[in-house]
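# The amino acid sequence is not available; the structure is as follows:
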């Protein structure tokens, strides 16, 4: 089986906003390695805030339940980076990547709450440390997944370095939010190969890409608009579709097109008969 590597050069701007891709099938078993629990010594220091960033909420002292010693992923998902959920019903998953900044978090959470929609948020460990209060709010309301600790291209790292990126993000998310992000993973930059997929599978994660990228991360400076974001999602709507959006603002023009377009996206998808579900809809039978 040949390895597949996808590194999209046009996404270098998106390095500040974050994304995730679809691998060849692997015959590797879906049996996962145990994942260490969060360190009892407390969180690492939070990165200093740039000017204008919202103040970080003090780290919670609440005791969190450690994740199970081992877990499993469905064998049918091993070796894959899913672009679409295997659902026949008219259900669509809204997903949000969170890494660079939290400019769109509040309006996104408000819209989802008002519309009674459950979504999936892929968090980096760095984002959680920088915005622990917002990370906790997200986890209280929605499904959270692992987007690595520092958002590197995993295909350029050694096996051990990949494991560290996944483990540190998982420990940070558990420590700060009390939620275990396993079994949901998204590759930074959409860069993955068979080796990287195998490693995250063994850490008890299924890799999820997307059916459609709204391109809202490109910002108004690239000619993207709220209307174009909405149209891309509606045109790609199909049973099991996964929609990629971002919680951050574009670093050049500070636009938050995904947050701005979200109310209309939800309204138009519902008008077309779709129900909006978290990614856990395909793994509801797992422990």
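That came in fine, so what should we check first? Bear in mind the structure is a predicted one, so any value in this text is a computation, not a measurement. Numbers count the residues shown, from 1 in each chain.
# centroid residue for the chain?
With distances taken as Cα atoms, centre = their mean, the chain has residue 122 as the residue nearest its mean C-alpha position (2.0 Å).
# partner residues bridging it?
residue 97, residue 145 (DSSP bridges).
# Distance of it relative to residue 217?
Distance of residue 122 to residue 217, given as Cβ to Cβ, to the nearest Å: 13 Å. Where C-beta positions appear, they are placed from N, C-alpha and C, glycine not excepted.
# Output the longest helix belonging to the chain.
helix 159-177 (DSSP state H).
# is it true that residue 239 touches residue 88?
Yes - between residue 239 and residue 88 there is a contact at 5.8 Å, judged by Cβ atoms under 8 Å.
# Settle it for me: which of those two has more neighbours?
Comparing residue 239 with residue 88 by other Cβ atoms under 10 Å, the one with more neighbours is residue 239, at 14 against 7.
# which ones are touching the more buried one?
87-92 (Cβ atoms under 8 Å, 6 or more residues apart in numbering).
# go again using 6 Å as the cut-off
Residue 239 is in contact with 87-88, 90, counting by Cβ atoms under 6 Å, 6 or more residues apart in numbering.
# Quote the end-to-end distance of stretch 107-124.
In stretch 107-124, first residue to last residue: 20 Å (Cα to Cα, to the nearest Å).
# residues making contact with it?
So stretch 107-124 is in contact with 94-99, 138, 142-145, 147-148, 151, 173, 186, 247, 259, 262-263, 266, 276, 278-279, going by Cβ under 6 Å, 6+ apart.
# Please apply the same query to stretch 136-143.
By Cβ under 6 Å, 6+ apart, the residues outside stretch 136-143 that reach it are 118-121, 177, 179, 278, 280.
# Restricted to helices, list those residues.
residue 177.
# need the helices for the stretch 51-200 of the chain, in chain order.
Along the stretch 51-200 of the chain, counting by DSSP state H, counting those that start in this stretch, helices occupy 105-115, 125-130, 132-141, 159-177, 194-202.
# Make CSV out of those helices and add mean neighbour count.
Shown next, in CSV, are the helices of the stretch 51-200 of the chain (neighbours: other Cβ atoms under 10 Å):
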stretch, mean neighbour count
helix 105-115, 17
helix 125-130, 25
helix 132-141, 20
helix 159-177, 21
helix 194-202, 22
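# Tell me which of those approaches residue 223 most closely.
Residue 223 lies closest to helix 105-115 among the helices of the stretch 51-200 of the chain, at 22.2 Å (Cβ to Cβ).
# What angle do helix 132-141 and that closest one make with each other?
Relative orientation of helix 105-115 versus helix 132-141 (axes from the mean of the first three to the mean of the last three Cα atoms, to 10 degrees): 20 degrees.
# tell me the mean pLDDT over helix 105-115?
For helix 105-115, mean pLDDT rounds to 98.
# Ok, stretch 278-287 next?
pLDDT averaged over stretch 278-287 gives 74.
# picking that back up, of the helices of the stretch 51-200 of the chain, which approaches residue 225 most closely?
helix 105-115 (16.9 Å).
# now the strands for the chain?
Counting by DSSP state E, the chain has strands at residues 81-82, 91-98, 120-123, 143-146, 184-185, 206-208, 212-213, 242-246, 275-276.
# Now distance to residue 227 too, for those, in TSV please.
Output for the strands of the chain, formatted as TSV (distance: least, Cβ to Cβ, whole Å):
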stretch	distance to residue 227
strand 81-82	28
strand 91-98	18
strand 120-123	25
strand 143-146	29
strand 184-185	30
strand 206-208	27
strand 212-213	15
strand 242-246	15
strand 275-276	20
